[in-house]
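Visitor: here is a sequence with its predicted model. Questions after.
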Amino acid sequence: MTGAHTLVLGEFATAHGSVEAITSLRQKGFQELELHSPYPVPEAYEALGLKRSPMPLIMLAGGLTGTVSAVLLQWFCNAYDYPIIIGGKPLFSWPAYIPICFELTVLFASLSGFFGLWAILGLPRPYHPVFEAPHFGSASNDAFWVSITTEENELEVARAKAALESLGAHKVDTVRSEAGE
């Protein structure tokens, strides 16, 4: 969605109720849904239609880059740029490279995981429009909030509110969001 939009938030008492609400909302045609909960709800992943995380591939790529760069660096230094034969060992002696390869694999994988997660989540993001909802603080304690992103249209907002209320939401709030928030 581009431009301004409205978030319609509904509070549910249980995780099961919020997952059922998400499933029903998707069947009613709402696509941009989010669940805000005090703890992870694995059942919600399928209900929200979330895709598989790209983090394992990002970290694998980082780890392989670390391994390859460690081997190339050690080969360049020991066998190409400044070759020294010590004790009759070959110039490219891979068993001696294992500790550095391991260290750079772990370093590159962890750094790519850290910065990859920031990129995927759009961090740092100190502000989200849902924080403007009057009762949203309960999402960090004991309540489950389902949010629907709708266009700036009274009819769509009213439809989303009615859908949340019909599914048993205790409180329904709306929050206006500008572009880019």
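Guide: That came through fine.

Visitor: please, which helix or strand holds D142?
Guide: D142 belongs to no helix or strand when assigned by DSSP states H and E.

Visitor: how much space between the residue minimising distance to the centre of the chain and Q74?
Guide: For the chain, the residue nearest the mean C-alpha position is L121 (4.6 Å; CA atoms, centre = their mean). Per CB to CB, to the nearest Å, L121 is found 35 Å from Q74. (Glycine included, C-beta is placed from N, CA and C.)

Visitor: tell me how far the residue nearest to the centre of the chain lies from F114.
Guide: 11 Å.

Visitor: now the helices: where do they sit in this protein?
Guide: For the chain, the helices defined by DSSP state H occupy 15-27, 42-48, 55-75, 94-121, 154-166.

Visitor: what average pLDDT does the shortest one get?
Guide: What helix 42-48 shows for mean pLDDT is 89.

Visitor: repeat that for the third one.
Guide: Throughout helix 55-75, pLDDT has a mean value of 97.

Visitor: the inter-axis angle of that helix versus helix 94-121?
Guide: If you take axes from the mean of the first three to the mean of the last three CA atoms, to 10 degrees, helix 55-75 sits at 140 degrees to helix 94-121.

Visitor: likewise the last one?
Guide: Using the same axes, to 10 degrees, one finds that helix 154-166 and helix 94-121 are set 110 degrees apart in direction.

Visitor: quick one: distance of helix 154-166 to the chain centre.
Guide: 28 Å (CA atoms, centre = their mean, to the nearest Å).

Visitor: show me the contact partners of stretch 38-53.
Guide: Outside stretch 38-53, the residues that touch it by CB atoms under 8 Å, 6 or more residues apart in numbering are 15-16, 18-19, 22-23, 26, 33-35, 37, 120, 139-144.

Visitor: what subset of those is buried?
Guide: Using 16 or more other CB atoms under 10 Å as the burial test, these include A15, S18, V19, I22, T23, L33, E34, L35, S37, A139, A143, F144 as buried.

Visitor: ok, now which ones touch the second one?
Guide: Contact partners of S18, counting by CB under 8 Å, 6+ apart, are F12, L35, S37, V41, A44, F144, W145, V146.

Visitor: using CSV, please lay out these together with distance to G168.
Guide: Listed next are the contacts of S18 as CSV, based on distance: CB to CB, whole Å:
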residue, distance to G168
F12, 7
L35, 15
S37, 16
V41, 16
A44, 16
F144, 11
W145, 13
V146, 11
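
Visitor: from those, which land in strands?
Guide: Among the contacts of S18, the members found in strands (DSSP state E) are F12, L35, F144, W145, V146.

Visitor: retrieve the pLDDT associated with G180.
Guide: For G180, pLDDT reads 57.
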